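[1] Predicted model, plus sequence, below.
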Amino acid sequence: MLRFLMLPALFLLSCNPKAQNSPPKEDELKVEFTLPKKLKEVSGITLSTDKKTFWVIEDRGNKNEVYGVNESGQMVAKIPVENSENTDWEDITSDPQGNIYIGDFGNNDNDRKDLAILKTDLKDITQTSTKVIQTTRFHYQGQTEFPPKKSNLLYDCEGFVEMDGNFYLFTKNRSKGFDGTFLVFKVPNKEGDFEAKLIGTLKLQGGYNDGAITSATINSTKDKIVLLTHKNIHVLTGFNADDFSAAKIQKISLNHNSQKEAVVFHDDKTLMIADEKDKSEGGNVYKFSF
């Protein structure tokens, strides 16, 4: 049974319009740096093992490259991924050993049959290219139509994490009559072609910008997963490696609405969040402490 945590009174007060002129608080979104102008459609972000480089990707229509950005927002590496196409790269993550994985599973129309997660040999900014050393192909348990009916467009994905030898995928609801429902799937971190096992059907509160998932990240102790949307983060706790149905979800407003597409834990109390650039806003990396 899905349960929602009560938000702290201090946070509720910060949402009050009358409190907007109060001094900055820890739980406010702060611009850390502006991304290089070239990176207008960032879809995923993760950290190098020394936490000095942000590895960034862009989604469909962009190059099959991983970009290294330093803590000042300067591009320090542009690394092509050999023998791969950017069909629709929607998230990037790493494991505790520092391996970098790219999620080529963007599926806006819910009709793709070539979904994959790419493990690379990317280690540092001195590389001139990186190779795919493992390809995990998968299809979703329960999907029998490509595409399904418009009321059941639940098989797009823009967020995943790696935990204890498995990938966990959190789908983006594109259904007509959006109600915040999303699915959680589990796929082994191995070479091969697998059925992604459905291990949870959950629901986020609010409309599309509140509850359509665009990225995910997991903390170092593996007991907290953050799901990103355009307006909020949603913190998952109390989940089981094989069953997310009883997970608790805490919704935390960022008090900021933009096309946020990427999130990573910088440390266990701090998130780094990136949004896409449009004519008037975005193209930044933000810090959020909670």
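    Cool, the structure landed. It should be emphasised that the depicted structure is a prediction, and the values quoted were computed from it without experimental measurement. Numbering: from 1, shown residues only.
[2] what sits up against the strand or helix carrying G44?
    Secondary-structure assignment from DSSP states H and E places G44 in strand 42-47. For strand 42-47, contacts defined as Cβ atoms under 8 Å, 6 or more residues apart in numbering pick out 35, 53-59, 89-94, 100, 102-103, 106, 158, 215, 261-264, 266, 272, 274-276, 285. C-betas here are computed from N, CA, C, even on glycine.
[3] Just the ones of the residues you listed in strands?
    Secondary structure from DSSP state E places 54-58, 91-94, 100, 102-103, 158, 215, 261-264, 266, 272, 274-275, 285 of those in strands.
[4] In ChimeraX, how would I select just the buried ones from the contacts of strand 42-47?
    This is the ChimeraX syntax for the buried subset of the contacts of strand 42-47, where burial follows 16 or more other Cβ atoms under 10 Å:
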select :35,53,54,55,56,57,58,59,89,90,91,92,93,94,100,102,103,106,158,215,261,262,263,264,266,272,274,275,276,285
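[5] just the helices in this protein please.
    In the chain, the segments counted as helices under DSSP state H are 9-14, 208-211.
[6] The ones you listed: lowest mean pLDDT?
    When the helices of the chain are compared on average pLDDT, helix 9-14 comes out lowest at a mean of 40.
[7] Kindly provide the distance from M163 to F244.
    The span separating M163 from F244 equals 11 Å under the rule Cβ to Cβ, to the nearest Å.
[8] between those two, which one's more packed in?
    Under the criterion of other Cβ atoms under 10 Å, the comparison of M163 against F244 puts F244 first, with 23 against 18.
[9] pretty sure the more buried one is touching L198, no?
    No - checked against Cβ atoms under 8 Å, the pair F244 and L198 is beyond contact range at 9.6 Å.
[10] Please enumerate the shared neighbours of the two.
    V184.
[11] would you list every one of the strands in the stretch 1-150 of the chain?
    Per DSSP state E, counting those that start in this stretch, the stretch 1-150 of the chain carries strands over the ranges 3-4, 30-34, 42-47, 54-58, 65-69, 75-82, 91-94, 100-104, 116-120, 130-140.
[12] what does the fifth one contact?
    Taking contacts as Cβ under 8 Å, 6+ apart, the residues outside strand 65-69 that touch it are 35-36, 38-39, 48, 53-57, 75-81, 92, 100, 102, 120, 122, 125, 130, 285.
[13] can you dump the C-alpha coordinates of that strand into PDB?
    As requested, the backbone C-alpha atoms of strand 65-69 are provided in PDB (Å, rounded to 0.1, in the frame of the first residue of the first chain):
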ATOM      1  CA  GLU A  65      28.700  11.600 -26.800                       C
ATOM      2  CA  VAL A  66      29.300  11.900 -23.100                       C
ATOM      3  CA  TYR A  67      30.300  15.400 -21.900                       C
ATOM      4  CA  GLY A  68      32.500  16.100 -18.900                       C
ATOM      5  CA  VAL A  69      31.700  19.400 -17.100                       C
END
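[14] what's the spacing between that strand and its chain's center?
    In terms of Cα atoms, centre = their mean, to the nearest Å, the centre of strand 65-69 is found 16 Å from the chain centre.
[15] Sheet-wise, list the partners of that strand with their directions.
    strand 54-58 (antiparallel), strand 75-82 (antiparallel) (DSSP bridges).
[16] ok, and the closest non-adjacent residue to G282?
    With sequence-adjacent residues excluded and distances taken as Cβ to Cβ, 6 or more residues apart in numbering, G282 is closest to D275, at 4.3 Å.
[17] And for V69?
    V69 sits nearest to F54 (Cβ to Cβ, 6+ apart), 4.6 Å away.
[18] thought that neighbour was touching V263?
    No - here F54 does not reach V263: they are 11.6 Å apart, not a contact under Cβ under 8 Å.
[19] Can you give me the pLDDT of P24?
    pLDDT recorded at P24 is 47.
[20] And for D243?
    Per-residue pLDDT puts D243 at 97.
[21] Likewise for V235?
    98.
[22] Run a quick neighbour tally on D111.
    Here the count is done by other Cβ under 10 Å, and D111 has 13 residues near it.
[23] What is the neighbour count of P188?
    Residues contacting P188 under the criterion other Cβ under 10 Å number 14.
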